[in-house]
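> Here is the input, now give the coordinates:
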Amino acid sequence: MRSPIAGALRRGREAIARTGKPAVIHIRVDPSEYAPGTKNQTIYK
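Numbering: from 1, shown residues only. You can find the predicted model right below:
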C-alpha cells in the first residue's frame, strides 16, 4: 500500500528542486490512528 503522505513528500521535493528553497509540508494526523505505544514516545513527554 502506498502512503497517502507520499504525494505531499514528492511535491515538496519537487518544489525544493525547482526553487532551491526549503519546503514545509503540513500533515494532519488522526490521533485515533496511532499505534497503541505511540503516546509513550518522547514527543508526548
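> Tell me where the model's unsure across the protein.
1-2, 31-45 (pLDDT under 70).
> ranges for the helices of it?
6-19 (DSSP state H).
> which residues touch R13?
A23 (C-beta atoms under 8 Å, 6 or more residues apart in numbering). All C-beta atoms are positioned from the backbone trio N, CA, C, and that covers glycine.
> Could the C-alpha coordinates of stretch 13-31 be exported in PDB?
Only the C-alpha atoms of stretch 13-31 are listed here, as PDB (Å, rounded to 0.1, in the frame of the first residue of the first chain):
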ATOM      1  CA  ARG A  13      10.900  17.600  -3.100                       C
ATOM      2  CA  GLU A  14      10.000  18.900  -6.500                       C
ATOM      3  CA  ALA A  15       9.400  22.400  -5.000                       C
ATOM      4  CA  ILE A  16      12.900  22.300  -3.400                       C
ATOM      5  CA  ALA A  17      14.500  21.200  -6.700                       C
ATOM      6  CA  ARG A  18      12.600  23.900  -8.600                       C
ATOM      7  CA  THR A  19      13.200  26.800  -6.300                       C
ATOM      8  CA  GLY A  20      16.200  25.900  -4.200                       C
ATOM      9  CA  LYS A  21      14.300  27.000  -1.100                       C
ATOM     10  CA  PRO A  22      13.200  24.800   1.800                       C
ATOM     11  CA  ALA A  23       9.700  23.400   1.600                       C
ATOM     12  CA  VAL A  24       7.200  23.000   4.500                       C
ATOM     13  CA  ILE A  25       4.800  20.000   4.400                       C
ATOM     14  CA  HIS A  26       1.900  20.300   6.800                       C
ATOM     15  CA  ILE A  27       0.400  16.900   7.600                       C
ATOM     16  CA  ARG A  28      -2.600  16.400   9.900                       C
ATOM     17  CA  VAL A  29      -2.700  13.100  11.700                       C
ATOM     18  CA  ASP A  30      -5.800  11.500  13.200                       C
ATOM     19  CA  PRO A  31      -4.800  10.600  16.800                       C
END
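> Any buried residues in that stretch, and which?
Using 16 or more other C-beta atoms under 10 Å as the test for burial, stretch 13-31 gives no buried residues.
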